[in-house]
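Enquirer: whatever this is, show me its structure:
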Amino acid sequence: MYGESIYNMINIHRNHFQAHPFHLVSPSPWPLYTSISLLCLTTSAVLSFHTFSNAEYILTLSFISLVLSMTFWFRDIIAEGTYIGNHTLAVQRGLNMGVALFIVSEALFFVAIFWTFFHSALSPTVELGAMWPPMGIEAIDPFELPLANTVILLASGFTVTYSHHYLINGNRKRSLDGLVYTVILAIIFTGLQGVEYSVSTFTISDGAFGSCFYFGTGLIQRAPFKYNTKNTNNLTIFKSILSSYSSILQGYWVTGFSDAESTFSIIIVKDKSMFLGIRLIFVFSIKLDIRDIKVLKKIQKFFNVGSLTVRIRKGKHIGIYSVQSLKDLTQVIIPHFNKYPLLTQKAADFLLFKQAIKIFNNKTHLTVESLNQLVGIKASMHKGLSYILKLEFSNYTPVERPMIKNPIIKSPLWLVGFIEGRGCFYSKITKNRQVNLIFSMSQHFRDSNLFNVIKNYLACGIIEKAYIRPNTVNLIIYKLEDIKKIILLLEVNPLITQKHLNFNSFKFIASLMSNKFNRRRF
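Expert: As a prediction, this is how the structure comes out:
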């Protein structure tokens, strides 16, 4: 019995030892928690980039969860390496090899980035316009923010080496001081990097240059040499566009853009909690491609009311600026369009919209007759009533739709805003391999009179009815001397939507044609 007990004690004691110098990690929940936190962090970050509601709260909670899980995980690692003594010489050698391999992988990552950069910059292809930076790209001056960030990066390398040196020599206080300085420099570096990204006039999707720039974390600015340095017009335009993004929108521009892109709507939905079981919602909205989300933000800032959301329509991300508050519609939106009147037939929708809001604010809609009057107003606006609403309200009478006559263009900014929405710049190659530039605007044929006014205002162009879309009228300008008028107008008042990219190429081709280049070379 005594011998058996001694044998069991020896087995138990032997179980605490192992025949190899490596650390077999015990089960831990922290890798799983950290993985889940990282998944939530990246997912919520992407959602917040696309302006999903409440995504920033999930992002904050995910970041806190990640910091906590990493803190507990590092606590266990420190305990294993110090108090428990699991980090033997073999384990330390493995950790050093892991860090070395990580540094090698980072070096190879930057080798790939620089390889892509030099491959694109030293011999620009036709797709890049045979020039570097590509046409329309204004590279950031490397002796400004990038130089400051480089100095900060080198300084952080010095402070972390300082900390490491005193750690080896056992001076804990100076080692911690070096780490604090390193963290402060890292925060400054990250902040300046964010500033650099925010002022850039290009994105990661702008071809090889944008990809190299952002993947290189802002370290790559220009090629060792630059092509086509004589043509500085493109850079001037983009500086104007950049300054226009930071400036305040003008009232006539907003009206012109609204003539092209906005909608005045009255939405009727069933709601048992409301009088007569009907809820009326008045909406002023502008919908644009997600690439022009900055323009919607500027419009929101201009009015200082409304909300901005992102939706997916037919597989495409759409940014929507909308104002639904009756107070904001009455005190902000309606006074704006009273001061800067719409010129298209959309002004009729606005007048009906204003009339309906007046009825609603006067509480006269709380009768069946007034409700039918509001339905009659909606029936006369743009798309009218749906089939279901026609069945639901059979006693309504459509009100007479106002006609907008004798529009007057009081400011070129209205025309610039309208071009932002309705203008089109393109080139056409004929059978004789001749290049023709064409600027056109399209609108419903009800605005034929307005297009005549625009034609007279510009003193150029022809008006055509489209054969494919018989309800559409087009204003077309194709003569080079007339196109120069459009270019001059948009140089003085730069475009701010993504359409400025097309205009920039359009202007570049026009400059080549003006310089009497051989058109067959295009």
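
Enquirer: CA atoms for contacts and neighbours, from now on please.
Expert: Will do.

Enquirer: any idea how far Thr150 lies from Leu108?
Expert: Counting by C-alpha to C-alpha, to the nearest Å, the separation of Thr150 from Leu108 is 20 Å.

Enquirer: part of a helix, is Ile408?
Expert: No - Ile408 is assigned coil when assessed by DSSP: H, G, I helix; E, B strand; the rest coil, not a helix.

Enquirer: spit out the contact partners of it.
Expert: Residues near Ile408 by C-alpha atoms under 8 Å, 6 or more residues apart in numbering: 343, 453.

Enquirer: quick one on the thing from earlier: more crowded one of Thr150 and Leu108?
Expert: The residue with more neighbours, out of Thr150 and Leu108, is Thr150; 16 against 12, by other C-alpha atoms under 10 Å.

Enquirer: what are the boundaries of the strands in the stretch 401-522 of the chain?
Expert: Under the criterion DSSP state E, counting those that start in this stretch, the stretch 401-522 of the chain contains strands at 423-429, 435-444, 462-465, 472-477.

Enquirer: now the last one: mean pLDDT?
Expert: In other words, strand 472-477. For strand 472-477, the mean pLDDT works out to 88.

Enquirer: packing partners of that strand?
Expert: Where contact means 3 or more C-alpha pairs under 8 Å, 6 or more residues apart in numbering; DSSP states H and E, strand 472-477 is packed against strand 435-444, helix 448-458, strand 462-465.

Enquirer: try 6 Å this time
Expert: strand 435-444, strand 462-465 (3 or more C-alpha pairs under 6 Å, 6 or more residues apart in numbering; DSSP states H and E).

Enquirer: need the strands of the stretch 401-522 of the chain in JSON lines (columns: mean neighbour count).
Expert: JSON lines is the format used below for the strands of the stretch 401-522 of the chain (neighbours: other C-alpha atoms under 10 Å):
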{"stretch": "strand 423-429", "mean neighbour count": "15"}
{"stretch": "strand 435-444", "mean neighbour count": "18"}
{"stretch": "strand 462-465", "mean neighbour count": "15"}
{"stretch": "strand 472-477", "mean neighbour count": "20"}
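
Enquirer: ends of stretch 123-133, what's the gap?
Expert: Where stretch 123-133 starts and where it finishes are 11 Å apart, if you go by C-alpha to C-alpha.

Enquirer: what comes up buried for it?
Expert: For stretch 123-133, a neighbour-count test (16 or more other C-alpha atoms under 10 Å) marks 124, 128, 130-133 as buried.

Enquirer: do you know how far the nearest residue to Glu80 once chain neighbours are set aside is from Leu24?
Expert: Sequence neighbours aside, Asn86 is the residue nearest to Glu80 in space, at 5.4 Å (criterion: C-alpha to C-alpha, 6 or more residues apart in numbering). Asn86 is 9 Å from Leu24, where distance means C-alpha to C-alpha.

Enquirer: these two: who's more crowded?
Expert: Remark: of Asn86 and Leu24, Asn86 carries more neighbours, 19 against 9, as counted by other C-alpha under 10 Å.

Enquirer: so what pLDDT did Leu167 get?
Expert: At Leu167, pLDDT is 90.

Enquirer: ignore the last one, Val283
Expert: pLDDT at Val283 comes out at 91.

Enquirer: begin at 48 from here
Expert: Got it, first residue is 48 now, which makes that one Val330.

Enquirer: which helices and strands does the helix or strand containing it pack with?
Expert: Element membership of Val330, judged by DSSP states H and E, is strand 325-336. On a contact count with 3+ C-alpha pairs under 6 Å, 6+ apart, strand 325-336 meets strand 309-317, strand 363-370.

Enquirer: nearest to Arg221, out of these?
Expert: Smallest distance to Arg221 across the helices and strands packed on strand 325-336 (C-alpha to C-alpha): 52.0 Å, for strand 363-370.
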